[in-house]
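Asker: Sequence plus the predicted model coming up.
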Amino acid sequence: MSALPASTSVIPHRPAASHPRWLRLTHWLNALAVLVMVTSGWRIYNASPLYDFSFPSSITLGGWLGGALQWHFAAMWLLVFNGLIYLTFNIASGRLWQRFFPVGPKGVLHDLWAALRGRLSHADLAHYNQVQRAAYLFVMVDIILLVASGLVLWKSVQFGLLRELLGGYETARHVHFICMALLVAFVAVHLVMVALVPRTLRAMVLGNKDSGNKESV
């Protein structure tokens, strides 16, 4: 009696996730925290404007100063703890060095020029070009400064050393506002890029690595 042939069945290959589950979760939690912090922050700003303008009440959150402060602090803790988890996973997994480095002025300018001419490929969503690397590193630093200046505005006496490092309370107000404006600008550009390359949204929701469809922006 002949031996049964070995099984020739092949386990289907599942494409590797371009964005792991922890990254997608922290990304969306960060997005929620930023949305709440910015809109509630605009309401807080309106109570004591730093510049000669105020934000329309219709785009602010909180309804009144006390309500806006409650929303702002709740979102702050979410942003801080979720941001720490994001950084910890990136560093521990080696992803921080693999995805965001190397980066330099020459490479950023090269990729930016390619993007402006519509010749920057987005075939592999797991690979960040140098413009993306610089932007993501920038927003990490920006959020750190945003939180640091916010702590000074919240507890100026308790964070006296931090207050002095930022140049005093009034300077911290300017730093906080400028960092907020830069974060909003980053989000706006980020949304435009998602609209131009909609596969990036699918990857951030499902985590699928779709490298077969080559697009350029």
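Answerer: Great, that's in hand. Numbers count the residues shown, from 1 in each chain.
Asker: Can you report how many residues neighbour residue 196?
Answerer: By other CB atoms under 10 Å, the residues close to residue 196 number 14. C-beta coordinates here come from the backbone N, C-alpha and C atoms, glycine included.
Asker: pLDDT weak spots in the chain?
Answerer: Within the chain, the stretches with pLDDT under 70 are 1-18, 122-125, 208-217.
Asker: ok, which stretches of it are helices?
Answerer: Using DSSP state H, the helices of the chain run over residues 21-47, 65-93, 95-100, 105-116, 130-154, 160-165, 169-196, 199-206.
Asker: Pull out the buried residues from the fourth one.
Answerer: Judged by neighbour count using 16 or more other CB atoms under 10 Å, the buried positions of helix 105-116 are 108, 111, 114, 115.
Asker: Show residues contacting it.
Answerer: 120, 129, 130, 131, 133, 134, 217 (CB atoms under 8 Å, 6 or more residues apart in numbering).
Asker: Report the inter-axis angle for it versus helix 130-154.
Answerer: For helix 105-116 against helix 130-154, the angle by axes from the mean of the first three to the mean of the last three CA atoms, to 10 degrees is 110 degrees.
Asker: Equivalent analysis for the last one, please.
Answerer: Taking the same axes, to 10 degrees, one finds helix 199-206 and helix 130-154 inclined to each other by 60 degrees.
Asker: was I right about residue 172 contacting residue 155?
Answerer: No - the pair residue 172 / residue 155 is not scored as a contact, 11.5 Å apart, by CB atoms under 8 Å.
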